[in-house]
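Peer 1: Sequence and computational prediction follow.
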Amino acid sequence: MIRFEDIQTAASLLRPVVHKTPLLSSTMFDQQCGNTVVLKAENLQRIGAFKIRGAYNKIATLSDTEKRRGVVAHSSGNHAQGVALASRLLGVRATVVMPKGSSVNKVEATKGYGAEVVFSEDSSDDRERLARELSEKHGYVPVPPYDDDKIIAGQGTVSLELAQDLSDLEYLFVPVGGGGLIAGNAVAAKRLFPGIKIIGVETEAANDCYQSFRKKEIVRIQPPQTIADGMRTQAVGKRNFEIILRFVDDIVTVSDQQVIETMKFLLERMKIVTEPTGAVAPAAIYHNVANISGKHVCAIISGGNVSPAFLKSIL
């Protein structure tokens, strides 16, 4: 299990590379949910999502021999872009396996950062299998999307930034896909904010971690049909789940419709563009699914890479 010091080390490595993203607030948002809320805008991060943090921390700490071999990753979009950009910055060849149903803008962005894109079927199982085959065939070093200590430590640097801007925080809401973001930030936030409650959020269709948390064992689900493409994983990672059981206080779910309503509020009232997965944690607060009031709360907007066509459809 990673330590708080691993996250501090990652932060030192990432400081010249990533943006320190702002905290956003809205009086109307607070009135809607009855709490004092800030949103950590990782949609304004490089590549439009938090994933550059873990990807860069992982690839930068590879040996020179490993870097010469090149890397391979699998992702529905944001990890793909993070690996592609980190590899370009570090002069490493990158191949990324993406499901054929991936958002066109995420595929084009990944290619634009210089990575080779190979398509798989839409299930997370199939893209993991294809990435493993490419690694075995070509000797590429795998860069996992979440079940890796360096990835987890890199994602946890979000909370170090929170502590620079906030003296008090009672709740932190974090979206859960494979579990890298919530695992790293649970370790960091529990150290930085005494007494804080960490709440993971999934969509109802992608509720594998919700089920796992209650059964205290990893539950694997069928490929979920949800608008939140970053949550189409079928199970959380083993490392991530160990941390979740130790540091996370609860996992809750929101509906796709609640996510859409929150995306519309963020766009129309706060002028902030989010992708569906990015709006999942704010949706849990906006619709108060955790039934809290009068608290100092933060939600992480994990990304903003949404297609114009999807935005048009919800508006």
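Peer 2: Cool, got the structure.

Peer 1: which residue ranges form the helices in the stretch 101-250 of the chain?
Peer 2: Ranges of helices within the stretch 101-250 of the chain are 104-112, 124-138, 149-155, 157-165, 180-192, 208-215, 238-247, based on DSSP state H, counting those that start in this stretch.

Peer 1: Quick check: mean pLDDT of the longest one?
Peer 2: By that I understand helix 124-138. Here helix 124-138 scores 92 as its mean pLDDT.

Peer 1: What is it packed up against?
Peer 2: Applying 3 or more Cβ pairs under 8 Å, 6 or more residues apart in numbering; DSSP states H and E, we find helix 124-138 packed against strand 71-74, strand 94-99, strand 116-120, strand 141-142. Where C-beta positions appear, they are placed from N, C-alpha and C, glycine not excepted.

Peer 1: Residues in contact with it: which ones?
Peer 2: 70, 72-75, 95, 97-99, 118, 120-121, 140-142, 223, 232-234 (Cβ atoms under 8 Å, 6 or more residues apart in numbering).

Peer 1: in it, what counts as buried?
Peer 2: Judged by neighbour count (16 or more other Cβ atoms under 10 Å), helix 124-138 contains these buried residues: 124, 126, 127, 128, 130, 131, 134, 135.

Peer 1: got TSV for those, with distance to residue 304 too?
Peer 2: Shown next, in TSV, are the buried residues of helix 124-138 (distance: Cβ to Cβ, whole Å):
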residue	distance to residue 304
124	22
126	27
127	23
128	26
130	27
131	25
134	29
135	30
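
Peer 1: distance of residue 71 from residue 24?
Peer 2: Separation of residue 71 from residue 24 (Cβ to Cβ, to the nearest Å): 33 Å.

Peer 1: Those two: who's more crowded?
Peer 2: Using other Cβ atoms under 10 Å as the criterion, residue 71 and residue 24 rank with residue 71 on top: 26 against 19.

Peer 1: Report the beta-bridge partners for that one.
Peer 2: residue 94, residue 141 (DSSP bridges).

Peer 1: now for the helices of the stretch 101-250 of the chain, which one comes closest to residue 13?
Peer 2: Ranking the helices of the stretch 101-250 of the chain by their distance to residue 13 (criterion: Cβ to Cβ) puts helix 149-155 first, at 8.3 Å.

Peer 1: Alright, I will stop here.
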